[in-house]
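Asks: here is a sequence together with a model predicted from it:
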Amino acid sequence: MKKNRISYIFAGKDRIDAKTAAEKLFRIFGIRKMLRQGGGITNGTFSELIDELSIVVVPVTECKGQNPLQCSADS
């Protein structure tokens with residue numbers, strides 16, 4: 001990554017230390033806001049640092065199986 005001029009940080013030895021990561025991102029790069037996307041593990045890792053939460057729910061169903069309870073007739 002260094003060869004390609006890609007910045008990176010280390011934050012934790014065995015697993016990500018979210019607080020250390022956030023502090024380094026601010027100190028080294030001046031990052032004050034972060035968009036974090038992920039599932040339960042990522043949510044739990046960063047939960048202590050959240051000061052604003054925005055949840056988007058999109059009611060969409062993928063109709064590959066053509067289950068009539070999930071899909072419209074023209075899908």
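Replies: In hand now; what should we look at? Just so you know, these numbers come straight off a predicted model, no measurement behind them.
Asks: phi first, then psi, for residue 55.
Replies: Backbone torsions of residue 55, given as degrees, to the nearest 10, read phi -110, psi 130.
Asks: can you tell me the centre-most residue of this structure?
Replies: Taking CA atoms, centre = their mean, the centroid of the chain lies closest to residue 37, which sits 2.1 Å from it.
Asks: can you pull out the helices in the protein?
Replies: Ranges of helices in the chain, per DSSP state H, are 18-29, 40-46.
Asks: please spell out which residues along stretch 34-52 are buried.
Replies: Within stretch 34-52, the residues scored as buried using 16 or more other CB atoms under 10 Å are 45-46. (C-beta placed from N, C-alpha, C; glycine too.)
Asks: so how far does it reach from one end to the other?
Replies: With CA to CA, to the nearest Å as the measure, stretch 34-52 spans 11 Å from end to end.
Asks: can you give the contact residues for that stretch?
Replies: 15-16, 18-19, 22, 25 (CB atoms under 8 Å, 6 or more residues apart in numbering).
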